[in-house]
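Engineer: A structural model of the following input is requested.
(chains A, B and C, ligands or ions: 3)
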Amino acid sequence: MSIVACVKWVSHPGEPHDERFAGMSPADQSALEFALQQAALLGTGVTVITVGPSGADKVLRDALACGATRAIRIEAPTTAAGTDVATAIADHITDAEWVWCGDYSLDRGAGSVPAFIAAHLGAEQALGVIHIDLAADGVRATRRLDGGRRELLGLQAPAVVSVEGATARLRRAGLASLRSAAAAQIEVVPATTPIHRAEFMVRPYRPRARELAAPAGDTPLDRLRVLTDAGAASVARGEMVALEPADAAARIVQALTDWGYLPHG
Amino acid sequence: MSTPDVDVVVVGAGPAGSCAAIVAARAGLSVVLLERGPFPGSKNMYGGVVYPRILDGLIPNWWEEAPIQRWVTRRSTMLLTETQALTVDFRSEAWGKPPYNGATAFRPDWDHWLASHAEAAGAQLLTDTTVVGLLRDSSGAVTGVRTDRPDGDLTARVVIACDGVNSFLAKEAGLYTHTDAKHFTLGVKETLSLPKEVIDERFAVRERDGVDIEIIGGTGKVNGGGFLYTGLDTLAVGVVLKLPKLAAQQQRPEQLIAGLKQHPGIAPLVQGAELKEYSAHLIPEAGVAMMPRMTMPGMLVAGDAAALCLAAGIWLEGVNFAMASGMYAAEAAVEAVRKSDTSAAGLAGYQRRLEGTFVLKDHRKLRRAPELVLSDRVQHLYPPMVANVVERMFHVDNPNPKPGLRRILDQERRKAGVKRRDLLRDGWTGFRSFG
Amino acid sequence: MIAVVAVREGQLPSGGDEAVAECGGRAVLIGSGTAAAAADLAGIARTVTVVEMSSFQPGAWAAVLAPLLQHEPAVVLPGSPDGRDLAPRLAALLHRPLYAGALSVTPDRVELTRRGGTEIHQTHPGPDFVATLQPGVRGVTVAADATAPAVTDATPTHLPRQEHRDATVLAVLPPDPATIDLAEAPRIIGGGAGLDDEARMQQLVRIGSAIGASMGATRVITDRGWVPHERQIGTTGVVVDPDLYLAFGVSGAVQHTSGLGDPAHIVSVNVDGHCPMMQLADLAIVSDANATLDHLARLLGADADADVDADSTDAATGTETA
Ligand SMILES: Cc1cc2nc3c(=O)[nH]c(=O)nc-3n(C[C@H](O)[C@H](O)[C@H](O)COP(=O)(O)OP(=O)(O)OC[C@H]3O[C@@H](n4cnc5c(N)ncnc54)[C@H](O)[C@@H]3O)c2cc1C
Ligand SMILES: Cc1cc2nc3c(=O)[nH]c(=O)nc-3n(C[C@H](O)[C@H](O)[C@H](O)COP(=O)(O)OP(=O)(O)OC[C@H]3O[C@@H](n4cnc5c(N)ncnc54)[C@H](O)[C@@H]3O)c2cc1C
Ligand SMILES: Nc1ncnc2c1ncn2[C@@H]1O[C@H](COP(=O)(O)O)[C@@H](O)[C@H]1O
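Structural biologist: Residues are numbered from 1 along each chain as shown, chains lettered A, B, ... in the order given. Ligands and ions are numbered 1, 2, ... in the order given. Here you go, the predicted structure:
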């Protein structure tokens, strides 16, 4: 049985511009934890793989410290496009039977790499999983559906599973394994296919103006009103004030009272 | 006893710890450097000026690679009253060229850089790892540390405690006979961002040149001092406050920084700057008066952990004392390991080095300074007195003729309610310390 | 452009109608009850191809769809759970790039939300591509004369040889009871990464119970493990529709706000006045959310020591099982 965990070296949301805080996302940590638990159950090891520059060795060492048995880094820039990342990974793990991923990477956040890997391997997939049951004869995964409903899937190898960050807590590495991991050997390999940089024009987020039902109302004024209080996200909607915390709290209570959520007096 | 895991465990990857690790590792010892933060320096703060000359031997031409913000070529000392500011301003071209004097730098950058040299030297850096206890043998000698990780014990021939102010290790080993709130000051600091051109213009500096302003007074009723340093496109403004007074006055440190920033002498310098970060940290202020025993069988204590920070009013130097004591501790550890005698006697080389160098020499010389600088007279009586004297000296009050200096001095002294005896005594202490 | 929408028992997924609208009313509906779903698209869809299939099988469905879509340059799926599963399989079979989580899609311009919804990445795709559209970002207008779309059936007589294996669907479970109080809550108090400590979530619960609101959180908070995932509000979490939403330290990323319904009143406390949540708010207060919560707790008598109504706590933390 070969078990693979795909982990990505991503900047810390709180410190997006300081590489020294970068590491594994919570989702990837959950993925690694399940890989390790499954390996223990099936009496085998875990291969961790990452696609990225040399800085990405950090997440591999962290994974080794937690008990992964083999670490591979495919040389590529952090900007590598998701399809290429998936291809590069799939080409290196053709014999993989269980592939564990996070449900989406903090920076790209497309959630597409796992499915691409599944497509390449012709494997079963369960994506965005929120609950896992591991068994010797397979894996049961619960994934989210619309409207809060969930789908219970039965998986057989080969399969790719992507899990949300809250599904498991990664174990804390012991001191001895931490030390050996710090010295451990990491296999660095070139990508088998060319890696394209994803080229984008980047700008800060602004909501898209939402299409709204044609305004109902008899007079133009009524129609205008309908338009203006429909929650069009593209424009600031209400009052903005800068307040000291104490005043902020008071202002909130007042608003709740004015709006009738709290009794007067 | 069974052979230890490593020769030396260094606890804390601050300036003291990293320098200790560099020295020990370069001497061929097996070294583990433990740091609780995600990377060295990640959580560390200080005012902003380092005096790195002590690195000359350790990292030749350090100035070519050190992550510094600006070279301090202007050093001012400000005496503040509510409405007045008396500034002694010094500027030196020499401080702007190798080997330089002081430099402003960010701790995460500085500590991270020093630690990378420790790793390059062969020390093993383990982050996100907190030391939670000491391992001792039956005789009480330290044989290693316990970390917060699973199977987290690590045995060593020598432990070097560089875990900073209020050292948990030194305390657990019982090296601090007494700790007392009045021995600490609270340092609080705001990092403000301002465009480089604006800083250059306001502080009259160019390129990489920078300014270090030490401030006496300006902290209202709470005894203390302040500082204002220039980064490349940031300012560090902070106050250092006597703990008991702070408690008594029931004032929040933020308010005091705000007060300092509003002072007519400071406001124009920080005007329009944007708050990036607020941080606070204790400073071991009392020097010799509070220093613990720094050597015990199997363990040495260096840097702030040993209260080696020199915080004497117009001086606030800790990083250089930390780096030096870390190096000396490691040198002693190397000797001890080589002759496999890590008893107190075997490690005695540490104390010898401290005594023989600026580390303890400066501390002894300045041992009365902290108390003097933070005394009520110096804090609350002298500044207005001196400022008034100067104001009257330069105040042209024609048709009245200029008054004589002696008369002004005497009148202002009485106005300030300062006894001649105290003035002379303080003057003498000050002279012996700073002179 | 053509939309591909996965249908379950005649139900359109979240954002299905938006994907169809984005493609000017051209759609392929695949799944069970596609005819019924097509009828629901009256006034939005013009031409619909239906492919009737049994339970959701991304591998197999992609194999069936690929031939139908070969000559369609731009294919758009809703970023619903099924769409997000199906899109990469389609892209892989069609050998096309995938643009996932788009804010808007046109044949020559795609806008994607990235870095936790804080950035928009714009690109000019090649002629052929597959994209998924973030549910809830677009909205739809239903034409006044809602004529039913022209429907053609393309259900294959026999499935293509199965070179792609799919997971077996063991069960479709109803919404987790632990999420119901949130999904149906008329008032919600939500916490985000601006909160400084896990204990804040309990404070939210206490304040919530003082004003009759359930506690919800952003993905960052559930990822931190501060509250169970049932508390996560958003497109991949619980979709809610309260009258009142109080947001503390929430940036308002599109994946969060898309699951937020359209509250009559929104209060947002954030240090950054420019973030989307502040733009959406009726009362946007620039302040430290943590200190504000402490004061709010005091004002509402919801301090830690204050005695809290037990069941409301359970309900709001999702520990209640009934
Ligand atoms: C407000 C302020 C302004 C200052 N200004 C200046 C200045 O301008 N110039 C100057 O030279 N000095 C200044 N100092 C003093 C200077 O910061 C210190 O003297 C210096 O940092 C001491 O270095 P150190 O290595 O001994 O300790 P620290 O720098 O405190 O490093 C201790 C390290 O040990 C780690 N650690 C602690 N406990 C554990 C544990 N149990 N397990 C693992 N790791 C642990 C910490 O994370 C930290 O990295 C200032 C201090 C303050 C508070
Ligand atoms: C495929 C996909 C699906 C997703 N699904 C969901 C989902 O269902 N639900 C969801 O919530 N997210 C979801 N996300 C994540 C989403 O993109 C954002 O990352 C997330 O919503 C951000 O949560 P946040 O606002 O808590 O954190 P951040 O975006 O980091 O925002 C933190 C905010 O707190 C403010 N702040 C910081 N300090 C303070 C302070 N002291 N006082 C006040 N304010 C402060 C900051 O200014 C900032 O606005 C999804 C992402 C992807 C890619
Ligand atoms: N560069 C990468 N290296 C290794 N794994 C990756 C990489 N990019 C994405 N992944 C995996 O795919 C998951 C989803 O990422 P994405 O498709 O980029 O949102 C991540 O949580 C990882 O498990």
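Engineer: from here on, just use CA atoms for contacts and neighbour counts.
Structural biologist: Will do.
Engineer: the most centrally placed residue in chain B - nearest residue in space that isn't next to it in sequence?
Structural biologist: Most central in chain B under C-alpha atoms, centre = their mean is B:G318, positioned 2.9 Å from the mean C-alpha point. Nearest non-adjacent residue to B:G318, counting by C-alpha to C-alpha, 6 or more residues apart in numbering or on different chains: B:C309, 4.1 Å away.
Engineer: for the one you found, what are its contacts?
Structural biologist: B:C309 sits next to B:283-285, B:287, B:303, B:316-319, B:321-322 when contact means C-alpha atoms under 8 Å, 6 or more residues apart in numbering or on different chains.
Engineer: show me where the stretch 201-322 of chain C has its strands.
Structural biologist: C:214-217, C:244-248, C:265-270, C:283-286 (DSSP state E, counting those that start in this stretch).
Engineer: nearest to chain A, out of those strands?
Structural biologist: Between chain A and those, the shortest separation by C-alpha to the nearest C-alpha is 4.4 Å, and it involves strand C:283-286.
Engineer: elements contacting that closest one?
Structural biologist: strand A:239-242, strand C:265-270 (3 or more C-alpha pairs under 8 Å, 6 or more residues apart in numbering or on different chains; DSSP states H and E).
Engineer: one more time with 10 Å
Structural biologist: strand A:239-242, helix A:245-258, strand C:244-248, strand C:265-270, helix C:276-280 (3 or more C-alpha pairs under 10 Å, 6 or more residues apart in numbering or on different chains; DSSP states H and E).
Engineer: partner strands of the third one, with direction?
Structural biologist: Sheet pairing of strand C:244-248 (DSSP bridges) gives strand C:187-191 (parallel), strand C:265-270 (parallel).
Engineer: do the same with the shortest one
Structural biologist: Taking DSSP bridges as the criterion, strand A:239-242 pairs within the sheet with strand C:283-286 (parallel).
Engineer: buried stuff in the top helix by length along chain B?
Structural biologist: Longest helix of chain B, by residue count under DSSP state H: helix B:319-338. Neighbour-count burial for helix B:319-338 flags B:319-337 (criterion: 16 or more other C-alpha atoms under 10 Å in any protein chain shown).
Engineer: stretch B:144-159 too?
Structural biologist: Buried-residue list, stretch B:144-159, by 16+ other C-alpha under 10 Å: B:144-149, B:152-159.
Engineer: any idea which of those is closest to C:G10?
Structural biologist: B:R149 (53.4 Å; C-alpha to C-alpha).
Engineer: enumerate every residue touching that closest one.
Structural biologist: Residues counted as contacts of B:R149 (C-alpha atoms under 10 Å, 6 or more residues apart in numbering or on different chains) are A:172-176, A:178, B:128-132.
Engineer: which stretches of chain A form strands?
Structural biologist: A:3-6, A:46-52, A:70-75, A:98-102, A:124-135, A:138-144, A:150-155, A:159-163, A:187-190, A:201-204, A:239-242 (DSSP state E).
Engineer: in JSON lines, list those along with mean neighbour count.
Structural biologist: Listed next are the strands of chain A as JSON lines, based on neighbours: other C-alpha atoms under 10 Å in any protein chain shown:
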{"stretch": "strand A:3-6", "mean neighbour count": "26"}
{"stretch": "strand A:46-52", "mean neighbour count": "25"}
{"stretch": "strand A:70-75", "mean neighbour count": "21"}
{"stretch": "strand A:98-102", "mean neighbour count": "29"}
{"stretch": "strand A:124-135", "mean neighbour count": "21"}
{"stretch": "strand A:138-144", "mean neighbour count": "22"}
{"stretch": "strand A:150-155", "mean neighbour count": "21"}
{"stretch": "strand A:159-163", "mean neighbour count": "28"}
{"stretch": "strand A:187-190", "mean neighbour count": "14"}
{"stretch": "strand A:201-204", "mean neighbour count": "12"}
{"stretch": "strand A:239-242", "mean neighbour count": "15"}
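Engineer: and of these, who's closest to C:V169?
Structural biologist: strand A:150-155 (4.7 Å).
Engineer: partners of that closest one in the sheet?
Structural biologist: According to DSSP bridges, strand A:150-155 has these partners: strand A:138-144 (antiparallel), strand C:168-173 (antiparallel).
Engineer: among the ones you listed, which is nearest B:H263?
Structural biologist: strand A:138-144 (58.5 Å).
Engineer: so does the closest one get close to ligand 2?
Structural biologist: No. No part of strand A:138-144 sits near ligand 2 under the criterion C-alpha under 6 Å from any ligand atom; the closest distance found is 10.4 Å.
Engineer: let me see the mean pLDDT of that strand.
Structural biologist: Strand A:138-144 shows a mean pLDDT of 95.
Engineer: same thing with stretch A:203-213?
Structural biologist: 77.
Engineer: the bottom helix or strand of the chain by mean pLDDT?
Structural biologist: Going with chain A. In chain A, the helix or strand scored least confidently by mean pLDDT, DSSP states H and E is helix A:220-229, which has a mean of 56.
Engineer: residues contacting residue 190?
Structural biologist: Using chain A here. Applying C-alpha under 10 Å, 6+ apart, the residues near A:P190 are A:51, A:73-76, A:88.
Engineer: wait, chain B
Structural biologist: B:47, B:228, B:235-239, B:254, B:257-258, B:274-280.
Engineer: and the residues you listed, which of them are in helices?
Structural biologist: Checked against DSSP H, the contacts of B:E190 include these in helices: B:254, B:257-258.
Engineer: and the spatially closest residue to A:V188 that is not a sequence neighbour, what pLDDT?
Structural biologist: Spatial nearest neighbour of A:V188, chain neighbours left out: A:R73 (4.8 Å); criterion: C-alpha to C-alpha, 6+ apart. Per-residue pLDDT puts A:R73 at 98.
Engineer: which neighbouring elements make contact with the helix or strand hosting B:L134?
Structural biologist: Per DSSP states H and E, B:L134 falls inside strand B:131-136. In terms of contacts (3+ C-alpha pairs under 10 Å, 6+ apart), strand B:131-136 is packed against strand B:142-147, strand B:153-161, helix B:168-172.
Engineer: okay, the ones you listed in CSV with distance to C:D128 next?
Structural biologist: As requested, the helices and strands packed on strand B:131-136 are exported to CSV (distance: least, C-alpha to C-alpha, whole Å):
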stretch, distance to C:D128
strand B:142-147, 56
strand B:153-161, 59
helix B:168-172, 63
